[in-house]
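# using only what follows, build the 3D model:
(3 chains)
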Amino acid sequence: MSEVMQLDRPLPVGSEGKRAGGWWGLLALIVTEGALFGYLLFSYFYLASQTQQHWPPEGLPPLGIASLNTVILLASSGFVWASERCIRRRQLQWSLASMAVAILLGAGFVLIQFREWSHKSYDMTTNLYDSLYFTITGFHLLHVAVGLVILLLLLLWTALGYFDDRRYAAVTIGGVYWHFVDVVWLFVFTTLYLTPYLF
Amino acid sequence: MTDSADSSLIRVPEVGCAPRGSDAEIRLASLWETPPGWRGWLSTVDHKTIGLRYLVTAFLFLLLGGIEALIMRLQLARPDQTLLTPEQYSQLFTMHGVTMIFLYALPVLSGFSNYLWPLMLGSRDMAFPRLNALSYWLFLFAGLFLYASFPLGQAPNDGWFNYVPLTDRLYNTGPNIDVYALGMVLLGISTTVGSINFIVTLFRMRTPGMSIDRVPILVWGTLTASVANVFAIPVVSLAFFMLWLDRQFGTHFFDVVNGGKPLLWQHLFWMFGHPWVYAVVLPAMGIVSDALPTFCRRPLVGYAPVALSTMATMLLGFGVWIHHMFATGLPSLALSFFGATSMVISIPSAVAVFAWIATIWLGRPVFNTPFLFFAGFVLLFVIGGLSGVMVAAVPLDFQLNETYFVVAHLHYVLLGINVFPVVGGIYYWFPKFFGRMMSETLGKWSFWVMFIGFNAGFFPMHIAGLLGMPRRIYTYAPNMGWNTVNLITSVGAFVFAAGLLLFLVNVVVSLRRGALAAENPWAAPTLEWATPSPPPAYNFAVIPIIASRHPLWEDWVDEGYGRSSLETGYLLMEGRETLGTTPLDARPDVILKMPDDSYAPFFLGLFSSLVFAGMLLHAWDFTGLMVMASSLSLIAWLWPSKALAQRVPAIKTDKGVAHV
Amino acid sequence: MSIALPEEEIAPLNYFLHSYGPASTPTLHLGWVFASIVAMVFLIVAALLIAALVHKRQPDTGKIDNDDNGLRWIYIGTGISTFLLFGMAVYALLTLNAITKPPQPPALTLTITGYDWWWKVEYEHDDPRLNFVTANEIHIPVGVPVLVKLKSADVIHAFWVPVLAGKTQMIPGLINRQWLQADIPGIYRGECTQYCGLQHAHMALEVVAQSPAEFRQWQAAQRKPAVLSSASDIDAGRKTFMDHCSGCHSIRGTEAVGAHAPDLTHLKSRRLIAGGTFVNTPEQQKQWIAHAQELKPGARMPSMVLSPAEMASLSAFLSTLD
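Numbering: from 1, shown residues only, chains lettered A, B, ... in the order given. Here you go, the predicted model:
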């Protein structure tokens, strides 16, 4: 027993990186949120496979803007990652700048997505496809919005000097959420924009 | 960074003793105790308080659902009764199902697990105490939300599985279904955050030495249920949300005219529904697997097979949802597959049954009240399982489906496997909860009345089903052959209710006059019995170190790993602290800073419930305001705190890390 | 108000003891075998449990011996259970296979559509002029398989004539198929088993299995439009019907073409009315017309407010629909 009793090495205190409870909690949250999107896409494929309607009813979706948006979102993930790296290297200014760029890119994604919506001549009640399209992209956009609020808070907290190379768990956790939102977009994009070309 | 900052970020935990009344113990109490009065009441994050709140609230819902059932049994006692209108009957059977399945069955188990997990695992609280409080408040508000329209006669009224298109706006114009849909999404949030809390607690909060093969089976059961919930809750929330969109905004997910599919609802609902059934029984089976051995004076036979079968059940449980849909005209190949998996799922249950019987056989049973409930449970479990095998046979299900046979089956499962272990569990842990023993005489009476009433009430329902009585009919003609069985069922239901009443009387009487309980009145083996009854706010004065699966039985059972250390352990008292350990071996990994009491969970719960109220009433400005309020509560909650060492201690303040 | 059913029927839905056709008999046998196995297993486990509780034990040594081969219980018990379950699963699948398709091609196809809370029954023929529609009463020839196409006009219902076959849901937007066959002439009751709203409890039907000759006779009669007498009181009743009832009900050969409620062309030929709820007598008809909302609260049929004279002539008119 004694080997367990007397610790010869000190233990970190409090929310330390991947030992933080919040990091574990977020992983579980991501699992359940991932499942949510999984079921949304299941509903899409189920209804698409059962319907007698022409699918998608307005013809194949144009890829241009959506692809650009995909690149923008992925880029913003890269900047969030860089921001965390900078904190760990005690380059606070670079971290702030990187996070700010990530937020701008994320906001750009939202604006472009709104433009994509407003350019549709229909809304979610027009037909079954539109109900699915707007619900799925709407769910994702909601997650992007939440993610942006989180990134803004991280920016604020970093600016307030809350984080350094020893204490940055919040940035890690918030960043993972943002990466998750971006990965989900890849699935949404593939489902809504690419799979119609396959069938 | 200064030295003081370094020492606050890393240190060797002190080892020592803190007997009752010592300075250390007094200091711990002052750190962990919740202030009295309404402030403490709203802000407490103590898992024991929250656990008891869960139990009390769930039992209140059990009583409500029970009263609804008794009213229905009056209506069905004789043919052609007119006590209830069809509309009243439909609201009663729907609310009965919703209440029992969503507001009683899982919350009551969450109550046990909330109270017991940290005590069984040797921790001072759950991984996320504030999330725990939020989970409770959301559960309470969701329950009130679901009941809000009941007094207006507008309660959910299309059955708990709520098939579209009957629940589309075209056929159900009132607010009934919107209340159900939004209430379920709200309740889903509560269940999800609660489940995440259990999962992280299991992997982080076990006391040193409690490796993954030493945790009690209840923990396995709740863990399995929680993992399942994390995967299953989103699907039902999504389904109800889509239904709400269909009803309020004219989307077409389930709308036949525009290509929507009513069968999508059935798939989504049962992809959730079946795992849920296991979520509400596996922790209860865990209660028995942990408590039954205490009264048999020997460890559970087959710990590993039982733990594995718990998980196997859940794994298979995600692959059997079609057995609720055998009669929907799916191809018979699909039916064959899901029929076969539905039979296979009985195998892990068989493992548990033989483990319990072997434990009794090889042990020295002590016939206390809890033991009676657990032994009775084994019998009811077998009946519920066997009738389950019958409905799993596809051709037989073509007949049995949607008849009273299924009603009998599900009541044997839900009452037999949930209510009996729960009541037995209350008898068992009551001394720990309140420091007093429950009356044995009243206890034995309550068991026998409940057991006889239950079987008299629910066994005849099998017969009614075989005689062709469909579910959810508000009355029946006298010449259908169902008169006698229904009369017996109604009488049995009231006898069962009387037994439950005896139990509640016992609770109330024992709370005041029960004999004072020692630390470990049943001579039980698990760690929660190492704490005083009732346990102090901090649970364990020192974080104990565990060397076996039965730390309190090491005098009798030699598991060959030395002795656990319960009196001497890690002190950890620089603020609210407990030890985080590694996920599998439970080696000390991190000193966790635990949050103080906080109002944030209450307000977040309140505001987010009001968001749903606003959505129900189409009060969009109000909804927006409440979204803002919820966000602010959440931001205040998540604001990095120095006390929790979430941010840099830039300047050493007098309020910073507490040093005495 | 009591709901009257004809005759002294005893448990007309008792599928566990009665089966009258090859679509349900294999299931009946499966039910008996399963019930016997299940009862036996229960008795064995209960006996084991009781023996475990009361059997004599060695004197207490104070030590607990953890190596007492308890696991053997689990191995043996689970092993036997698995073996048994495997056999049961195979038997169930064989039975499923036996009832999935009729032994010979169906001799008759009909379409049943579920409505809140009654059943529309359509008999199809290659010659569309020979199609006809009736309600709540299905006539089939004895001894041959009948294919039933199941549809729904509103919500999900389930078609179930337990002594002839298992149930199948009627789902809007889908056409489900099921077959049934009666080997003995008789009247077999069916019920809706999927909760479909307020009057789910009163959504029944009857299958009348007849010898082929009788069936053909019935079919020929049903194909004919209504033959109306021109007596004056009948005429008054007809006018009342057209004023009050024809919006929902239809009578072939007249201007009543309502499509929301049962076709009444040959009303008098049916044994029951109101979705299998009351016996079809003039008295019950009048009760039903005047008090539909009290007898079947929530039903789509309104309680009609008619003067006694109107009611009498309407009743006289209805009695000519044979």
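# you'd agree residue C:116 is up against residue C:155?
Yes. With contact defined as CB atoms under 8 Å, residue C:116 reaches residue C:155; the gap is 6.9 Å. All C-beta atoms are positioned from the backbone trio N, CA, C, and that covers glycine.
# of the two, which one has the most company?
When residue C:116 and residue C:155 are compared on other CB atoms under 10 Å in any protein chain shown, the one with more neighbours turns out to be residue C:155, at 27 against 23.
# can you pull the contacts of the closest residue to the more buried one other than its chain neighbours?
Closest residue to residue C:155 apart from its sequence neighbours, by CB to CB, 6 or more residues apart in numbering or on different chains: residue B:166 at 4.1 Å. By CB atoms under 8 Å, 6 or more residues apart in numbering or on different chains, the contact set of residue B:166 is B:158, B:172, C:155, C:156, C:195, C:196, C:197.
# picking up where we left off before, now do the shared contacts for residue C:116 and residue C:155.
Common contact partners of residue C:116 and residue C:155 (CB under 8 Å, 6+ apart): C:196, C:197.
# show me where chain A dips below the pLDDT cut-off.
Scanning chain A for pLDDT under 70 picks out A:1-6.
# at 90 what do you get?
A:1-10, A:12-21, A:50-59, A:61-62, A:116, A:118-127, A:164-168, A:198-199 (pLDDT under 90).
# how close does the residue in it that chain B sits nearest to sit to residue B:645?
Going by CB to the nearest CB, chain B is nearest to residue A:14 of chain A, at 2.6 Å. Distance, residue A:14 to residue B:645, by CB to CB, to the nearest Å: 3 Å.
# could you check which of these two has the larger neighbour count?
Neighbour totals were compared for residue A:14 and residue B:645, and residue A:14 leads with 28 against 25 (other CB under 10 Å).
# on that earlier part again, and which of the contacts of residue B:166 is nearest to chain A?
residue C:156 (16.0 Å).
# ok, the closest one to residue B:241 distance?
In this structure, residue C:156 and residue B:241 are 21 Å apart, going by CB to CB.
# out of these two, which sits in the busier spot?
Neighbours were counted for residue C:156 and for residue B:241 using other CB under 10 Å; residue C:156 has more, 24 against 21.
# using PDB, write out every CA atom in the lowest-mean-pLDDT helix or strand in chain C.
Least confident helix or strand of chain C, by mean pLDDT, DSSP states H and E, is helix C:232-244 with a mean of 90. Extracted in PDB, the C-alpha atoms of helix C:232-244 (Å, rounded to 0.1, in the frame of the first residue of the first chain):
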ATOM      1  CA  SER C 232     -94.300   8.900 -50.000                       C
ATOM      2  CA  ASP C 233     -92.900   8.300 -46.500                       C
ATOM      3  CA  ILE C 234     -89.700   6.900 -48.000                       C
ATOM      4  CA  ASP C 235     -89.400   9.900 -50.200                       C
ATOM      5  CA  ALA C 236     -89.600  12.200 -47.200                       C
ATOM      6  CA  GLY C 237     -86.900  10.100 -45.500                       C
ATOM      7  CA  ARG C 238     -84.800  10.300 -48.600                       C
ATOM      8  CA  LYS C 239     -85.100  14.100 -48.600                       C
ATOM      9  CA  THR C 240     -84.000  14.200 -44.900                       C
ATOM     10  CA  PHE C 241     -81.100  12.000 -45.800                       C
ATOM     11  CA  MET C 242     -80.000  14.200 -48.700                       C
ATOM     12  CA  ASP C 243     -80.400  17.300 -46.500                       C
ATOM     13  CA  HIS C 244     -78.600  16.000 -43.500                       C
END
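# tell me, how many residues neighbour residue B:249?
Neighbour count for residue B:249, taken as other CB under 10 Å: 13.
# ok, residue C:290 next?
For residue C:290, the number of neighbouring residues by other CB under 10 Å comes to 15.
# got it, and residue C:223?
Neighbours of residue C:223 under the rule other CB under 10 Å: 16.
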